[in-house]
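> I would like the atomic coordinates for the input below:
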Amino acid sequence: MKISTLLCTVLLACLSAAPAAADEVKTPYWASIRAGEVNMRAGPGEDYKIEWVYHRPQLPMKVLRMMEGWRLVEDPDGARGWMLARFLTRQRSALVKGQGLADMREKGSADSRLLWRVEKGVVALIDDCEDGWCQVKIGERSGYIRQDRLWGAGEP
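Below you'll find the predicted structure:
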């Protein structure tokens, strides 16, 4: 009898731990668009008006709130609305911002060899950021861009 009681207790503990793990995600956090077409809605449901339609996979989004399969997000232009969570991924990406072209360097320093110059609005996948520089990949090209030239890098 004691073994069956112990097994039931362990089973209940495991089942109750799963929802707690889902709640551990803290907002805000960075995400990116997973699909080729995603709607941003005025509220967390398919009955709400579509505010924007995005056609840009990997575009970074800041997730501000979570509600039952929906995420309140902010885009690089500051527009806020709700997206279905399944259309977002935790893959880190960033959008090049600021005036003029951003230098992509071989290493994370201003005196490192210049590889390319990147236009404002280009989306890059982020590997890691350290000492004010982010290691990025744009298509087949890799290098480092200053963190202050990227929306989606750093703390959300």
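
> So what pairs up with the residue positioned nearest the centre of the chain in the strands?
Geometric centre of the chain, nearest residue: A31, 1.5 Å, by Cα atoms, centre = their mean. Beta bridges link A31 to M61 when assigned by DSSP bridges.

> thinking it is in contact with R90, fair?
Yes. Using Cβ atoms under 8 Å, A31 is in contact with R90, at 5.9 Å. Every residue, glycine included, has its C-beta placed from N, CA and C.

> related to what we said a few turns ago, quick one: contacts for the residue nearest to the centre of the chain?
P60, M61, K62, V63, R71, V73, L88, T89, R90, Q91 (Cβ atoms under 8 Å, 6 or more residues apart in numbering).

> so what's the fourth one up against?
In other words, V63. V63 neighbours (Cβ under 8 Å, 6+ apart): T27, P28, Y29, W30, A31, R71, L72, V73, L88, P156.

> Could you dump the residues you listed into TSV with pLDDT, secondary structure and distance to K107 added?
Below are these laid out as TSV (pLDDT from 0 to 100; DSSP: H, G, I helix; E, B strand; the rest coil; distance: Cβ to Cβ, whole Å):
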residue	pLDDT	secondary structure	distance to K107
T27	95	coil	33
P28	97	coil	30
Y29	97	strand	28
W30	97	strand	24
A31	98	strand	28
R71	98	strand	35
L72	98	strand	37
V73	98	strand	33
L88	98	strand	31
P156	91	coil	26
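
> want to try TSV for those, with distance to P44 as columns?
Converted to TSV, the contacts of V63 look like this (distance: Cβ to Cβ, whole Å):
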residue	distance to P44
T27	14
P28	16
Y29	17
W30	20
A31	16
R71	8
L72	7
V73	11
L88	13
P156	19
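
> From those, pick the one nearest N39.
Distance ranking of the contacts of V63 against N39, using Cβ to Cβ, places V73 first at 11.4 Å.

> coming back round to it: selecting buried members of the contacts of V63 in PyMOL, what would you type?
Burial among the contacts of V63 is assessed by 16 or more other Cβ atoms under 10 Å; the matching PyMOL selection reads:
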select buried, resi 29+30+31+71+72+73+88+156
